[in-house]
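J.: Sequence below, structure please.
(2 chains)
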Amino acid sequence: MAERSFAQRLRTGIAVLAAAPLAVALAAGAAWLLARNAGGDSAFGAVGVALLAGAALLAVAGTLYGSRLAASVSEPIARIQSTLEALSDGDLDARVRWEGRDEFAGLADALDRLLDDRVAGLNRTIRDSEELNTSVIEIMKAVGTIATTKDLGVRVPVTENVTGAIADALNLLTDEMARVLESVGHLANDVAQATFALRGQSDLAITAAAREQREVSMAASELSQAAQALVAVAQRAHQVDQSAGRALVETGEAVRVVGATIEGIVQSRELIRQTEKRIKRLGERTQEIGQVVGILQAISERTGILALNASMKAAAAGEAGRSFAVVADEVKRLSESARESTARIARLVNAIQTEAHETVRAMNDAIGQVVAITRMADDAGQAMRRTQAETGSLVDDVRQIAATSEEQARISSGLQTRADVIREASAETARQLRAQSIETRRLVEYARSLVEEVKVFRTPSRS
Amino acid sequence: MTQPPSFGVRLAGIPVRLPAGTALEFVPQASLHPLPLAPARVAGLMQLRGQPIVVLDASASRDTGSDTGSDTGSAAAGVALAPHDVLVVGTLPHAAGLLVQGAPQRLAEDAATLDLPLARVDALADCPFFDAIVSHHGAPAGGGEEGADWYDVDPSRLIAALLGN
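T.: Numbering: from 1, shown residues only, chains lettered A, B, ... in the order given. The predicted structure is shown next:
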């Protein structure tokens, strides 16, 4: 359904409003006809006719006034519409120009003034746009020159319009860019030098990584040998554990033997002491014998003297004392024999006493030696017991060492595995370092390229 | 007819032989009692079977009364001296004692009697009983000290010499 204009809708509305009284009149006529046919009141019929006529008149008058009213509204609207259509077609000089005193005339005049004002503004806008375009073109030329010549010393012309700020900003930007590029140039040189140094360090790192890889390989090999040695140590510790256990048993047996030996030595010492006492008593008896021998010696000496005196008396008596001299000689020989016997007995007694004394001294020495041996045996027993205790502690320590060695062997095996992992990681590190070296060489080239690229730009300081 | 045996003894270190038939008695370790104001060579008194006997010391000096280690002589009276071997010469009560070194020895009867060699005269010049020596014997064979010389003395002259008469 096509959109109807406001004037059409207005006429339609006025016609409808005019048709309302007609409808009322038609309704009233219809009511009267119905009442007449039914024999109704005549008075009521006359009033109905009058109302019907009046309604008809009112409807006609309303229709006429509505048409005129609609025309007064629709014409200025149509004029305004045509004016606006002309404007939209580019006729900036089109105006409504509606004369009158009603509101539409005022509206048309206001619209014409508005159009004049807007057209004038549009013209100003066009001029401003042309100036702005000119400035933009100048800016674009300057930027193009900068882009073509890479000369950051080129200045963008600054105008008074809005592009002046842009030109200032661009000039500031080029200045900052020039400064930044100079810094970038310096930094690029520094980066190039640093990259070159990095390449050297990378080469050193590769060398060090290779050496590290060799050292790690050697360490892994030595660790493997250490693991094998620890396994051997664990086995040897187990054997030592068994040997220490046997040593503990044998030490206990040795302690028992030493105890029996000490007991035997103590018995021997007691026996030697009893023997010493007996020998001392024997020495005392021999001293008594010596005393008796002394008495016998004295008797023999006195007998000898008596024989000597008898002999001298017999000699003095001369021939008369000859027989007495024979008796005196016999007494003398008897006394000499007794003296020799007592002397021999005395020598024997002295020898017995000497032997007894030597035996007692030897016994004392033996007792001393036995005491020393007993003390040594006691010390040996105590040493054995300490040895037994130490051997027990040693057995515990050896068992601990065996357990620790086995644990160390397991740990060493784990370390060997880790060493293999480290060796692989070291090899991977070496590979990564070689790749890094390649990348570093590329980085050197990039740094040189960056320096060359930065050198392309001419900055005010280099200009 | 055999000669009776003679006996020898050491007197002041000199081997002396007494003539055979001289009455002799040896008293070992006799107890001596000193005599006050006695001559130097009088060692003291001893008792023998109840009889006092004067004991003479040939080793004592005539002047000092003590010589060659003898502890006799001028000891105080009443104090017993150390026991000494004494040879009693003579028969009681006419006997005198001599301090001797060791018991008398029986000498062989066949010892040769020799003259006293002149060389020994000078050596015995200081002997207190030089005048009592009458002869010299060589070493007796089979008795006494081997190689020792024995000097024969006269007992009476010996005692007289020691008493200084």
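
J.: list the contacts for A:Asp102?
T.: Counting by Cβ atoms under 8 Å, 6 or more residues apart in numbering or on different chains, A:Asp102 touches A:Ser72. All C-beta spots, glycine's among them, are computed from the backbone N, C-alpha and C.

J.: could you redo the last one with a cut-off of 10 Å?
T.: By Cβ atoms under 10 Å, 6 or more residues apart in numbering or on different chains, the contact set of A:Asp102 is A:Ser72, A:Val73, A:Pro76, A:Ala108.

J.: Equivalent analysis for A:Arg302, please.
T.: Contacts of A:Arg302 (Cβ under 10 Å, 6+ apart): A:Ser335, B:Pro28.

J.: for it, phi and psi?
T.: The phi/psi pair for A:Arg302 (degrees, to the nearest 10) reads phi -60, psi -30.

J.: Can you say which helix or strand has the closest residue in space to A:Ile206 that isn't next to it in sequence in it?
T.: Distances taken as Cβ to Cβ, 6 or more residues apart in numbering or on different chains put A:Leu433 closest to A:Ile206, at 4.9 Å, once the chain neighbours are dropped. Using DSSP states H and E, A:Leu433 sits within helix A:322-456.

J.: just to revisit the earlier point, looks like the residue nearest to A:Ile206 contacts A:Asp203 (just checking).
T.: Yes: judged on Cβ atoms under 10 Å, A:Leu433 makes contact with A:Asp203 at a distance of 9.2 Å.

J.: other SSEs contacting the one helix or strand in chain A whose mean pLDDT sits lowest?
T.: Of all helical and strand segments in chain A, the minimum by mean pLDDT, DSSP states H and E falls on helix A:6-37, at a mean of 74. With contacts taken as 3 or more Cβ pairs under 10 Å, 6 or more residues apart in numbering or on different chains; DSSP states H and E, helix A:6-37 sits against helix A:42-88.

J.: who does the helix it packs on touch, helix- and strand-wise?
T.: helix A:6-37, helix A:103-149.

J.: Please tabulate the ones you listed in JSON lines, including the columns mean neighbour count.
T.: Converted to JSON lines, the helices and strands packed on helix A:42-88 look like this (neighbours: other Cβ atoms under 10 Å in any protein chain shown):
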{"stretch": "helix A:6-37", "mean neighbour count": "15"}
{"stretch": "helix A:103-149", "mean neighbour count": "13"}
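
J.: closest to A:Val184 out of those?
T.: Nearest of those to A:Val184, taken as Cβ to Cβ: helix A:103-149 at 16.6 Å.

J.: same question for that closest one, mean pLDDT?
T.: Mean per-residue pLDDT for helix A:103-149: 88.

J.: A:Ser405 is in contact with A:Val233, correct?
T.: Yes: judged on Cβ under 10 Å, A:Val233 makes contact with A:Ser405 at a distance of 4.8 Å.

J.: Show me which of these two is the more surrounded one.
T.: A:Ser405 (22 against 19; other Cβ atoms under 10 Å in any protein chain shown).

J.: For the more buried one, which non-adjacent residue is closest in space?
T.: Using Cβ to Cβ, 6+ apart and skipping the chain neighbours, the partner closest in space to A:Ser405 is A:Ala234 (3.8 Å).
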